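In: Let me see the structure of the following:
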Amino acid sequence: RPRTQGALLGAMGEGQVTIDGETRMLNQPFLVLATQNPGEFEGTFPLPEAQLDRFLVEVSLGYPTPAEETLMLEALAGAHPITTIAQVVDGAQLPELQRAIWAIHVQDSLRDYIFRLATATRTHPDLALGVSPRATFALFRAAQAAAALAGREFVLPDDIKALVRPVWQHRLMLRPESALRGRTAEAVLGGVLAETTLDLGENEA
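Out: Residues are numbered from 1 along each chain as shown. Next comes the predicted model:
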């Protein structure tokens, strides 16, 4: 519902909620996970662009492979595995881990690459809406996180290329005529990646 979406937008954008006129800050870390059923939308409202822009990534699971589904059935033969899942980190430590990501080095050429990718979406003939500055920063930060998870202290071009689609595809708005021709946000981003060159520059630290 629109009022629910408005409340969620305040929580996602400002980290706070207002109840009976009293504003309360949300505890950190704060995370929103949303699911979407591609087959049924009855009784739901589409999320506004401003709210979609606040989701870091969109991941489409699709169907499992035969091997994955076989493993799933084997895992579910007895007790459900969710009953044995244990905590892997103290939630209070996560903000500190998030701040550690800030130290991951991003070369100037890669910052420029992200900007040029963003500009390409903003001028693309198939798009009515390209990515926002919030999306540019999201890709920057996600690339830092990917590098850290890979055990590196610096971002590689492949980190950025691998994350463009999941970080940006839900933020784009196709022109109606392009959608009618079968164009998708994922395909547009594939073209943007193919056409945007990466200049590594010289003498970068």
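
In: contacts, neighbours, all on C-alpha from now
Out: OK.

In: And the strands in the chain, which stretches?
Out: For the chain, the strands identified by DSSP state E occupy 16-19, 22-25, 127-129, 173-174, in order along the chain.

In: Take these and lay them out in CSV including mean neighbour count, mean pLDDT and distance to Asp90.
Out: Conversion of these to CSV gives the following (neighbours: other CA atoms under 10 Å; pLDDT from 0 to 100; distance: least, CA to CA, whole Å):
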stretch, mean neighbour count, mean pLDDT, distance to Asp90
strand 16-19, 13, 84, 22
strand 22-25, 10, 88, 20
strand 127-129, 18, 95, 39
strand 173-174, 19, 94, 38
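
In: Switch these over to TSV; also include distance to Asn37.
Out: Formatted as TSV, the entries for the strands of the chain read as follows, by distance: least, CA to CA, whole Å:
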stretch	distance to Asn37
strand 16-19	27
strand 22-25	31
strand 127-129	24
strand 173-174	20
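
In: for those strands, which one sits closest to Phe154?
Out: Ranking the strands of the chain by distance to Phe154, with CA to CA as the measure, places strand 127-129 first at 30.9 Å.

In: Now do the closest one: distance to the chain's middle.
Out: Between the mean C-alpha point of strand 127-129 and the mean C-alpha point of its chain there is a distance of 18 Å (CA atoms, centre = their mean, to the nearest Å).

In: Select, out of the strands of the chain, the one closest to Thr65.
Out: Distances from Thr65 to each of the strands of the chain were compared using CA to CA; the shortest belongs to strand 173-174, at 30.2 Å.

In: other SSEs contacting the closest one?
Out: Where contact means 3 or more CA pairs under 8 Å, 6 or more residues apart in numbering; DSSP states H and E, strand 173-174 is packed against strand 127-129.

In: Within its sheet, name the partner strands of the strand it packs on and how each one runs.
Out: Sheet pairing of strand 127-129 (DSSP bridges) gives strand 173-174 (antiparallel).

In: contacts for the partner strand?
Out: The list of residues contacting strand 173-174 from outside it, by CA atoms under 8 Å, 6 or more residues apart in numbering, reads Asp126, Leu127, Ala128, Leu129, Gly130, Arg183, Thr184, Ala185.

In: Low-confidence bits of the protein, can you list those?
Out: Judged against pLDDT under 70, the low-scoring parts of the chain cover residues 1-2, 38-44, 201-205.

In: Grab the longest helix from it for me.
Out: Ranked by number of residues, the top helix in the chain under DSSP state H is helix 133-149.

In: contacts for that helix?
Out: Residues external to helix 133-149 that are found in contact with it (CA under 8 Å, 6+ apart): 53-54, 56, 101-102, 104-106, 111, 114-115, 118, 153-156, 159-160, 163-164, 167-168, 171.
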